[in-house]
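Colleague: Build me a model from this:
(one chain, ligands or ions: 2)
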Amino acid sequence: MTSEAPTDLAIEVRGLVKRYRGGRGQDELSAVRGIDLGVRRGEVFGFLGPNGAGKTTTVRMLCTLLPITEGHATVAGVDVGRDPAEVRRRIGVALQEVGLDARQSGRELLELQCGLYRIADPAARSAELLRLVGLEDAADRLIGTYSGGMKRRLDLATALVHEPQVLFLDEPTTGLDPASRLTVWQEVRRINALGTTVFLTTQYLEEADQLCDRLAIIDDGTIVAQGTPDELKSELGSDVLTIGLDPVEHDRARDALLTLAGLDHVTDAAEGLAVYVDDAAGAVADVVRLLGDAGIRPGAIALSRPSLDDVFLASTGRRIEGGVPEMAS
Ligand SMILES: Nc1ncnc2c1ncn2[C@@H]1O[C@H](COP(=O)(O)OP(=O)(O)O)[C@@H](O)[C@H]1O
Ligand SMILES: [Mg+2]
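Modeller: Ligands and ions are numbered 1, 2, ... in the order given. Model prediction:
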């Protein structure tokens, strides 16, 4: 892992707070309650949380679109409060509600954006971006004819016109069907591979798990966990090996497994024993050997790992909403 020196961080946030003034007769609402974040250069960082958690509010503050109530944020090496114009020059932003003009073609929109940013050769830059997000074939069709996924990818391209160091994506795949979601993931990976740091919000566990190098889980304006998907899951403790066994062999099998390396504990399971162990995949061979030495032949052995949903549950006491159970990875 890289060091935590400030120069390695694309985004650094300390004690960030947002309070919205209440309407008439309403109390103030603390949407973000003092969060700390460190996003390293070159990574895809996920901000995972349910609806209303404070994701959009945080992104808008980091993008200089919303005043910071308290705390401190640096983006691409620039202090957000002190020099918002310079931050805007260094970032690209694709926000949740996209306002693409349906009566333009994708190419026309991109060339217009290039003009706004005074890019030297708008036609060449637009063609390059259309290739990057896989919209070459649709480049000259009206945006009104694009699918939801194509619009999101065009939105990605417009955010990249001025080669930002950091790209902010607010729920880039919400509302997309699973196939379009996979395509957007591919484009995000491709953009990231070219060196752009990506900060994306999501309410999809699968998206955080598959796409993000590291993530923070936010709930009710507070970060409840932060790390790589694997770190977060392994903080929950052991993997689980479920071993099918003849009921009469449970006790002997339990004894035989007591010397298993990395063993946490063993409990009864529906069809046999559940063995909680540091590294289930690495333990399978030893389990079979130890049982074999005791003259026991196990049935099916199943391996399971904690999911990010288990992490969210452990951190908040609730399951996250908006998961995509139908989605295969
Ligand atoms: N402009 C606003 N004025 C008052 N409250 C707001 C405003 N925008 C968002 N909120 C509230 O702040 C909280 C966080 O919202 P938001 O940042 O949009 O969450 P998320 O993007 O995670 O769904 C919610 O309770 C929301 O109702
Ligand atoms: Mg939001």
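Colleague: And what about L130, helix, strand or coil?
Modeller: helix (DSSP: H, G, I helix; E, B strand; the rest coil).
Colleague: again with the one 5 residues further on
Modeller: For L135, the secondary-structure state derived from three-state DSSP is coil.
Colleague: and it, how many neighbours?
Modeller: A total of 22 residues lie near L135 under the criterion other C-beta atoms under 10 Å. For glycine as for every other residue, the C-beta is placed from the backbone atoms N, C-alpha and C.
Colleague: Would you enumerate the residues in contact with it?
Modeller: When the contact criterion is C-beta atoms under 8 Å, 6 or more residues apart in numbering, the partners of L135 are 106, 150, 153-154, 157.
Colleague: rerun at 10 Å
Modeller: Neighbour list for L135: 106-107, 110, 129, 141, 146, 150-151, 153-154, 156-157, 187 [criterion: C-beta atoms under 10 Å, 6 or more residues apart in numbering].
Colleague: List phi and psi for it.
Modeller: Here is the backbone geometry of L135 (degrees, to the nearest 10): phi -120, psi 20.
Colleague: and the contacts of L135, which are buried?
Modeller: Burial of those was assessed by neighbour count (16 or more other C-beta atoms under 10 Å); the buried members are 106-107, 110, 129, 146, 150-151, 153-154, 156-157, 187.
Colleague: Residues of the stretch 1-150 of the chain that sit close to ligand 1?
Modeller: Applying the criterion C-beta under 6 Å from any ligand atom, the portion of the stretch 1-150 of the chain that neighbours ligand 1 consists of 20, 29, 31, 49, 51-57.
Colleague: if we can go back for a sec, what I need now is the contacts of L135 written out in JSON lines, including pLDDT and distance to V166 for each item.
Modeller: Conversion of the contacts of L135 to JSON lines gives the following (pLDDT from 0 to 100; distance: C-beta to C-beta, whole Å):
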{"residue": "G106", "pLDDT": "95", "distance to V166": "24"}
{"residue": "R107", "pLDDT": "96", "distance to V166": "26"}
{"residue": "L110", "pLDDT": "95", "distance to V166": "20"}
{"residue": "L129", "pLDDT": "94", "distance to V166": "17"}
{"residue": "R141", "pLDDT": "96", "distance to V166": "30"}
{"residue": "Y146", "pLDDT": "94", "distance to V166": "26"}
{"residue": "M150", "pLDDT": "92", "distance to V166": "24"}
{"residue": "K151", "pLDDT": "92", "distance to V166": "22"}
{"residue": "R153", "pLDDT": "92", "distance to V166": "19"}
{"residue": "L154", "pLDDT": "93", "distance to V166": "20"}
{"residue": "L156", "pLDDT": "92", "distance to V166": "14"}
{"residue": "A157", "pLDDT": "93", "distance to V166": "16"}
{"residue": "E187", "pLDDT": "90", "distance to V166": "17"}
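Colleague: what's the farthest-apart pair in the buried ones among the contacts of L135?
Modeller: The most widely separated members of the buried ones among the contacts of L135, counting by C-beta to C-beta, are R107 and E187 (17.0 Å).
Colleague: and the contacts of L135 near ligand 2, which?
Modeller: Counting by C-beta under 5 Å from the ion, nothing from those sits close to ligand 2.
Colleague: In helices, which of the residues you listed fall?
Modeller: By the criterion of DSSP state H, membership of the contacts of L135 in helices covers 106-107, 110, 129, 150-151, 153-154, 156-157, 187.
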